[in-house]
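Asks: for reference, the sequence and a predicted model appear below.
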Amino acid sequence: MSVLDVIKLQFNQYFQIFIDTAHELRCLRRWLHCMEGRLPPPSLAAARGANYHDLLRKLSEHKVSQTDCQLFH
């Protein structure tokens, strides 16, 4: 087997991984879109009963989650 054959084989393997990953990503996006459609509209009813410190804690948790999402997007 020549060096060129080995390079072609490796390229085909990497390309196949890319195609599989792209397909999985499309499926995940489709699923996420479907799940977002099933969520109820946001409500502030739970926030009205929470105290100030609990709301601040939740806000800081949300900021961390949002930052993590942006890093991986």
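Replies: Arrived safely.
Asks: tell me where the longest helix sits in this structure.
Replies: When the chain is parsed with DSSP state H, its longest helix is helix 3-38.
Asks: and it, average pLDDT?
Replies: The pLDDT scores in helix 3-38 average 81.
Asks: count of neighbours near residue 45?
Replies: 7 (other Cβ atoms under 10 Å). For every residue, glycine as well, the C-beta is placed using N, CA and C.
Asks: do residue 58 as well
Replies: Residue 58: 13 neighbours (other Cβ under 10 Å).
Asks: next structured bit after the longest helix of the chain?
Replies: helix 45-49 (DSSP states H and E).
Asks: buried residues in that following helix?
Replies: The neighbour-count check on helix 45-49 (16 or more other Cβ atoms under 10 Å) flags nothing as buried.
Asks: export it as CSV, just CAs?
Replies: Provided in CSV are the C-alpha atoms of helix 45-49 (Å, rounded to 0.1, in the frame of the first residue of the first chain):
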residue,chain,number,x,y,z
ALA,A,45,-45.5,33.0,39.4
ALA,A,46,-42.7,31.0,41.1
ALA,A,47,-40.5,34.0,41.3
ARG,A,48,-43.1,36.0,43.2
GLY,A,49,-43.0,33.6,46.1
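Asks: could you give me the average pLDDT of that helix?
Replies: The model assigns helix 45-49 a mean pLDDT of 79.
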